[in-house]
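J.: Take this sequence and fold it.
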Amino acid sequence: MTNRFVLANVLHRPMRALVSILAISLEVVMILMVVGVTSGMVADSAQRQQGIGADIFVQPPNASIIFSTGGSVMPISDRDVVAGIKGVRSVAPMLTQLVTEGQLVTLSGIDYESFNDVSGGLNFLAGGPFSSPTASDMIVDDLEQKAGRLKIGNTREFRGQSFKVCGVVKHGKGARIFVPILTLQELVGATGKASMMLVKCESPDQVPDIIRQIETALPGYGVFSVQDWVTRIVNNRLPQLDALIDVVIGVAVVIGAFAIFLSMYTTIAERTRDIGILKSLGASRTYIVNLILRESTVLSLIGLALGLILTIFGRALILALFPTQQCLLSVPWMIRSGVLVMVSGILGAIYPAVIAAGKDPLLALAYE
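T.: Presented below is the predicted three-dimensional model:
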């Protein structure tokens, strides 16, 4: 009987209920989309680094895990030092540079032959490799091609220099845009420099010993196995991302709680006489509070369901409009968002529920 009464109350003012539900669904969408985009960025980066196929990553001293900024570099001659270690099959230097002209793009300068030796070769879907080691060519992955609507022969300009698309490869091997390392060195003024070395060993069993030898040969350098490298990427997210997530979650919870508060407070003002009738018939304070909390719970559950549906459509829209932007929706965060929605719903309904329970039945019955 109580549940039927609650449902009738929700349907009595459908527009007000709809506004509350939309506000709660916005809370869910804000939480899941921000977490999904940030988690997707980290997971995608980790997967692409692992997909290169290298066994060991070597960084210059004091280099950040976010090596794409191009801040720290090492002499490319360090390649010979690493290559001379017994058990090392091949070494590929890579220079990375973050370009922020109009859009955020990371250029990865590679020596095509050595990169192929380490990675097992790029999987071309169209076109082919650079025409020469110093050409202004670029190879893009299929997601970057889709995002930029690029075709073989199209050009893009980076730092005043035009690069021609010479090949399209399947995504998953490190970068989205490859250019000749000699060309990028000249472009950014880093002649003879590299951001990191990718090392392929003769056998995976030799990795720990080779890491120790590289650390001895290049003291102060960062030397990591592929497992350690991926773990660093996953566990060393930018603090700003975590702060952003916390702020968005806080704002979302406030929005949800405020929406429920307004809905329940208005409901009580409109139904003062109804509350008086219930109390005159013997309804206890606990019953009135329970009634209000149940109504807020119904609104919260409907808003949660709608929010999950809108999030799924939102993710599909992001992937359609921005193919290179990954959005990771996880079940644990869906559960957390559900908990946060219910908490915000209860917090928003507590004060109106207490007010309703405290109303004098005689005054409520006389209310017009």
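J.: now the residue nearest the centre of the chain: how far from S45?
T.: Using C-alpha atoms, centre = their mean, the residue of the chain that lies closest to the mean C-alpha position is T38, 2.0 Å off. Applying C-beta to C-beta, to the nearest Å, one obtains 11 Å for the distance of T38 from S45. All C-beta spots, glycine's among them, are computed from the backbone N, C-alpha and C.
J.: what does L310 give?
T.: According to C-beta to C-beta, L310 and S45 sit 27 Å apart.
J.: between the two, who's got more neighbours?
T.: Taking other C-beta atoms under 10 Å, L310 and S45 do not tie; S45 has more neighbours (20 against 17).
J.: Now the residue nearest to A190 when sequence neighbours are not counted, what are its backbone angles?
T.: Leaving aside its sequence neighbours, A190 sits nearest to V73 (C-beta to C-beta, 6 or more residues apart in numbering; 5.7 Å). Note on V73: its backbone torsions stand at phi -140, psi 160 [degrees, to the nearest 10].
J.: ok, V73 - contacts?
T.: P60, L95, A190, K193, A194, S195 (C-beta atoms under 8 Å, 6 or more residues apart in numbering).
J.: Across the sheet, point out what pairs with the second one.
T.: Beta-bridge partners recorded for L95 (DSSP bridges): G109.
J.: Enumerate every residue touching it.
T.: Per C-beta under 8 Å, 6+ apart, neighbours of L95: G70, V73, S108, G109, I181, L184, Q185, V188, A190, K193, A194, S195.
J.: what about it, distance to V73?
T.: 7 Å.
J.: Could you give the separation between the terminal residues of stretch 91-108?
T.: 16 Å (C-alpha to C-alpha, to the nearest Å).
J.: hang on, I meant stretch 185-193
T.: 7 Å.
J.: got the contact list for it?
T.: Residues outside stretch 185-193 that contact it (C-beta under 8 Å, 6+ apart) are 70, 73-77, 95, 97, 109, 134, 158-159, 161, 184.
J.: Out of these, which one has the lowest pLDDT?
T.: Ranked by pLDDT, the contacts of stretch 185-193 bottom out at G70, which scores 51.
J.: Model confidence score at the closest residue to R159 other than its chain neighbours, please.
T.: Closest residue to R159 apart from its sequence neighbours, by C-beta to C-beta, 6+ apart: L187 at 5.7 Å. For L187, the pLDDT comes out at 90.
J.: need the strands for the stretch 201-350 of the chain, in chain order.
T.: Taking DSSP state E, counting those that start in this stretch to define them, one finds strands in the stretch 201-350 of the chain at 222-225.
J.: ok, which stretches of it are helices?
T.: Assigned by DSSP state H, counting those that start in this stretch, the helices in the stretch 201-350 of the chain fall at 207-217, 226-235, 239-270, 272-280, 285-321, 331-357.
J.: so what does the fifth one touch, helix or strand wise?
T.: The one in question is helix 285-321. Helix 285-321 sits against helix 2-12, helix 14-50, helix 239-270, helix 272-280, helix 331-357, with contacts defined as 3 or more C-beta pairs under 8 Å, 6 or more residues apart in numbering; DSSP states H and E.
J.: Likewise for the first one?
T.: With contacts defined as 3+ C-beta pairs under 8 Å, 6+ apart, the packing partners of helix 207-217 are strand 56-59, helix 78-83, strand 196-201, strand 222-225.
J.: how big is the angle separating that helix from strand 196-201?
T.: Interaxial angle, helix 207-217 versus strand 196-201 (axes from the mean of the first three to the mean of the last three C-alpha atoms, to 10 degrees): 140 degrees.
J.: got a list of contacts for helix 207-217?
T.: Under C-beta under 8 Å, 6+ apart, the answer for helix 207-217 is 55-56, 58, 81-82, 85-88, 199, 201, 221, 223-225.
J.: Let's see that with 10 Å instead.
T.: The contact list for helix 207-217, computed with C-beta atoms under 10 Å, 6 or more residues apart in numbering, reads 55-56, 58, 78, 81-82, 84-88, 197, 199, 201-203, 206, 221-228.
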